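Chemist: Provided below for reference: sequence and predicted model.
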Amino acid sequence: MHDDRNLVEQRLHRVLTERIRPAVHGPAVPLALERWDAPGEPVPVADGLAASYRPSAVGDAWGPAWGTTWFRVTGLVPAEWAGRTVEAVLDLGFDRRMPGFQCEGLVYRPDGEAVKGLHPHNDWVRIAEAAAGGERVELLVEAAANPILNEQGPGPLGDRLTAGDDPLYRVTRMDLAVFEPEVWELVQDLEVLGGLMTRLALEDARRWTILRAVEGALDALDLDDVVRSAPAARAALAGVLADPAHASAHRVSAVGHAHIDSAWLWPLRETVRKVARTSANVVALMDDHPEFVFAMSQAQQLAWLKEHRPEVYARVKKRVADGSFVPVGGMWVESDTNMVGGEAMARQFVYGKRFFLEEFGIETEEVWLPDSFGYTAALPQLVRLSGSTWFLTQKISWSQTNAFPHHTFWWEGIDGTRVFTHFPPVDTYNSDLGGEQLAHAAANYREKGRGSRSLVPFGFGDGGGGPTREMLARARRLRDLEGSPRVEIERPAAFFAKAAAEYEDAPVWVGELYLELHRGTYTSQAKTKQGNRRSESLLREAELWAATAAVRVPGYGYPHERLDAIWKTVLLHQFHDILPGSSIAWVHREARATYARLREELLALVDEAQRALAGGGAGTVVFNAAPHERGGVPAGGARPRAELAPAAEPVTVEQVTVEQGGTGGFTLANGLLRVVVDGRGLVVSVVELASGREAIAPGGAGNLLQLHPDLPNLWDAWDVDSFYRHRVTDLVAVDELTLESASPEAATVAVTRSFGAGSRVTQRLTLRAGARVLDAEADVDWHEREKILKAAFPLDVKADQSAAETQFGHVHRPTHTNTSWEAAKFEICAHRWLRVAEPGWGAAVVNDSTYGHDVTREVRPDGGQTTTVRLSLLRAPRYPDPETDQGGHLLRYALAPGASVVDAVSEGHRINLPERAVPGSAAVEPLVTVAGDGLVVAAVKLADDRSGDVVVRLYEATGGRSTGRLVAGFPLAAVATTDLLERPLAAGPLAPECAIDAEGGVPLTLRPFQIVTLRLTPAARD
């Protein structure tokens, strides 16, 4: 037989496109169209319904970018359509390639009831199954003119302040039409078989059986009368659609989903509307398809729905109760996990899980993070401590260099906790359930012979929309079809239970799930990242001092509501396209304003509590919120400044002459460190005096700013590609070098440099009395484009690995590039510190808001090794925000020679938690004191249930087993170990034994990186 495969496949494509799909909607009549262009921002639904409309017509332009136009359509069902299925077809000017990334609409009835959302693949509204002739139709559409930004280069449309007033869309169709069910079913038959057929091997007889059946269907179809001949064409396909799947066929658990980015190429306010459109679509589909199951993560989005569209939320809540609408994830948003601080990561689970419990009575079991840009090795322990059992991600399939070896596995975190994890082999979280995608899932599945099933999230996502009736039709056809995986729509928990039961001995992956892509997100939008770090630190302070005041000061009320509102705002902005810096200009402009407002609110809370604690008097009281003693002030306590002893040795400054350029430099010393700054303003020597050890590598210079070109191949704000290193400019030219200040307490050397496209930086180096660190500050006026700025410290350390702080611990990464896995980690994330060490000595670099780093090694001619640590300070990508990071920045970091891990932790907190001084005279004893070098307090607060109990979260920081003792600064009646939600935990792997000892303290023994939450019940006051 001749191979006519291409001929039949091409015929199928053309006939589907030009004849069958257009015949799904048959006879049509135009609807009368009116419009109202809402001024400015979106208005309440009641205002849109009551507005004054004016006549409009198909073909009219509408929608300046980010504008809202309300359309009203009216008409009558023609008498001759009586008894037929009738739909309104409402095309706002859609581009079918990009649902969720362009104009959208939400359809309402005249009484304000939300019907469903509109997007390019869901542009219909069912009017009647069996229409009555003369039936009146009236619908309103809230149409959002969201600009298309995912195919654009840099431009002004990413912010309503710069987008302009030109209309972006034209109304394409507003009709009543007869819906032809048999034609629609034929489309689904042919799409499923056509997609499956092309994925089968040419040697597979099934491919040819389907091909011949498709050919027969096309022969049976009368192209001049598709409607009447559709049943005959379907009959030709019935046999191949009835053939059952092989006994060993892969099994797919299909879960309806709509990954909705809480902000990205649209602002937060538009996400509120996207959630309403998608949720309305989903509950409408459930009315017609009882088998449909939909999973929705992100408690924040459901909270928005409750606030802004309570009538849709009521329908959602009803479907949650019957089990078809399934809350998953257990987090406030699908956050970034690389940069979110430890306590904030815990609160993502606390606020997310608690919302689902309080609103729906549901304990979510699955952590659902399909799209975040890599996953911290601290997550497994946090997942289990939140009361969750399973973890799902998809994004690792985007890695550029190495294919991840597993699809179902146990993921082991830094502390040894394991969580059962699935990575769907379909390689998308927006599946259309087409035959081609499902065949890929089966072929790609790496657990063959051990496991037999995978999960497929299906539905339009990123910009929302969700599943469609076409996807559900595909699922029905693929339930048991030869050549395809078996497809069953079911809840995620059902999949995980089955997968875990059949594959208990799944392989183990230890450590972080590093995404070999999107490394630039550690650095883009520096002020967003700085706002996050500042907010996390201030929340620690606010809770600590408010809890201390609530216990110690009669009448002081703990500000539960104010703190909850702030936490939810901070958690929202940790979404994986906000904190990483990959959203449009509008999002980051608003984020900067939000962080500024939160800063003022939190400073006010801190000040109120500290003043209540400091008492009266004319003196000054110094507060220390860090978990380590500092300058005589205990951790979590305060002392009158008059009681604090000065540092043992003052800072001295000596001007020296150096050879470079014949200009002078400076030597700073404080009895602990001796620092030499040369005439270029670079650090050429840092000696730890106790050991005599030089930190800077021979011939090297620390705090060297280096400028690289930064034009990645694909994703501007997201990516830093390795070839950026091929060119570098060292910023060594000096505009001015001065000794800016000098006193016994501190000395500061300042150097100013001009560079690039009008940029300017003043670098300050400060040595303080009693300090074991050299503080650095970069005050940058940044005007570069497509550049990255790094600060380099070449250290005389033979380090084969670096230790970078992550949530509740640190992660080790090789400094060498022996394999492609190591070479791919050319840019890494660290929180407050990064340390490199050889046995007996190490050095750390700490920072106040920088996350991106790189660490490289080089063997010198003298045989020694230079390990260079660099901080990625600023980037300048042009998409999606063409003005990314332009303007002024103040970035602080420090070099800590001789630092142990405990020192690094302490110095990291010091630079992020400044001492605060308020008027008063009272010493404040810590509310809790924890003894034990490896034990670090992460949070002190009052219990969320408002019982008055004190909650303390602490962790083991060194990576070793640590013992210690907690002492409460109040009479203690009881202590209990709890989960993150402050619920008691039985003693076991997640909860160490704890009890009050004879002296009233609580002895503690923690394994490496273990997190413990203790609930302390105060004894009743007299």
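Modeler: The structure has been received and is ready for your questions.
Chemist: Now for this structure, the helix or strand with the poorest mean pLDDT.
Modeler: strand 652-657 (a mean of 90; mean pLDDT, DSSP states H and E).
Chemist: Any regions of the stretch 401-550 of the chain where pLDDT drops low?
Modeler: Judged against pLDDT under 70, the stretch 401-550 of the chain has no low-scoring part.
Chemist: how about the least confident helix or strand of the chain: buried residues?
Modeler: Buried residues in strand 652-657, counted by 16 or more other Cβ atoms under 10 Å: 652-653. (Glycine included, C-beta is placed from N, CA and C.)
Chemist: Next secondary structure after it?
Modeler: For strand 652-657, the succeeding helix or strand toward the C-terminus, using DSSP states H and E, is strand 664-669.
Chemist: Pull the CA coordinates from the helix or strand just after that following strand and hand them back as PDB.
Modeler: For strand 664-669, the following helix or strand on the C-terminal side (DSSP H and E) is strand 673-677. Output of strand 673-677 as PDB, limited to C-alpha atoms (Å, rounded to 0.1, in the frame of the first residue of the first chain):
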ATOM      1  CA  LEU A 673      40.800  43.600  62.000                       C
ATOM      2  CA  ARG A 674      43.300  45.600  60.000                       C
ATOM      3  CA  VAL A 675      42.000  46.800  56.600                       C
ATOM      4  CA  VAL A 676      44.000  48.400  53.800                       C
ATOM      5  CA  VAL A 677      42.200  50.500  51.200                       C
END
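Chemist: and after strand 673-677, which helix or strand comes next?
Modeler: Criterion used, DSSP H and E; the element after strand 673-677 is strand 683-688.
Chemist: counting contacts, what elements does that next one pack onto?
Modeler: Under the contact criterion of 3 or more Cβ pairs under 8 Å, 6 or more residues apart in numbering; DSSP states H and E, strand 683-688 touches strand 673-677, strand 693-694, strand 887-897.
Chemist: Show me what the least confident helix or strand of the chain pairs with in its sheet, parallel or antiparallel.
Modeler: strand 664-669 (antiparallel) (DSSP bridges).
Chemist: re the thing from before, tell me which of the helices and strands packed on strand 683-688 sits nearest to residue 30.
Modeler: Minimum separation from residue 30 across the helices and strands packed on strand 683-688 (Cβ to Cβ) falls at strand 887-897, 51.8 Å.
Chemist: got the buried residues for that closest one?
Modeler: So strand 887-897, judged by 16+ other Cβ under 10 Å, has buried residues 889, 891-897.
Chemist: roughly how far out does stretch 43-53 sit from the chain middle?
Modeler: How far stretch 43-53 lies from its chain's middle: 35 Å, per Cα atoms, centre = their mean, to the nearest Å.
Chemist: Could you pull out the helices in the stretch 251-400 of the chain for me?
Modeler: Ranges of helices in the stretch 251-400 of the chain, per DSSP state H, counting those that start in this stretch, are 268-288, 299-308, 310-322, 342-360, 379-385.
Chemist: Mean pLDDT added to those helices, as TSV?
Modeler: Shown next, in TSV, are the helices of the stretch 251-400 of the chain (pLDDT from 0 to 100):
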stretch	mean pLDDT
helix 268-288	97
helix 299-308	98
helix 310-322	98
helix 342-360	98
helix 379-385	98
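Chemist: got those helices as JSON lines, with distance to residue 75 and mean neighbour count columns?
Modeler: Output for those, formatted as JSON lines (distance: least, Cβ to Cβ, whole Å; neighbours: other Cβ atoms under 10 Å):
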{"stretch": "helix 268-288", "distance to residue 75": "21", "mean neighbour count": "23"}
{"stretch": "helix 299-308", "distance to residue 75": "30", "mean neighbour count": "21"}
{"stretch": "helix 310-322", "distance to residue 75": "25", "mean neighbour count": "16"}
{"stretch": "helix 342-360", "distance to residue 75": "40", "mean neighbour count": "22"}
{"stretch": "helix 379-385", "distance to residue 75": "53", "mean neighbour count": "25"}
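Chemist: Format those helices as JSON lines; extra columns: distance to residue 835.
Modeler: JSON lines is the format used below for these (distance: least, Cβ to Cβ, whole Å):
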{"stretch": "helix 268-288", "distance to residue 835": "37"}
{"stretch": "helix 299-308", "distance to residue 835": "35"}
{"stretch": "helix 310-322", "distance to residue 835": "47"}
{"stretch": "helix 342-360", "distance to residue 835": "17"}
{"stretch": "helix 379-385", "distance to residue 835": "21"}
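Chemist: For residue 48, what are phi and psi?
Modeler: phi -70, psi -40 (degrees, to the nearest 10).
Chemist: For it, give me its contacts.
Modeler: 36, 38, 70, 108, 140, 142 (Cβ atoms under 8 Å, 6 or more residues apart in numbering).
Chemist: Farthest-apart pair in those residues, please.
Modeler: Once Cβ to Cβ is applied, the contacts of residue 48 give 38 and 108 as the farthest pair, at 13.9 Å.
Chemist: Show me how far the least confident helix or strand of the chain is from its chain's centre.
Modeler: Mean C-alpha position of strand 652-657 versus that of the full chain (Cα atoms, centre = their mean) differs by 48 Å.
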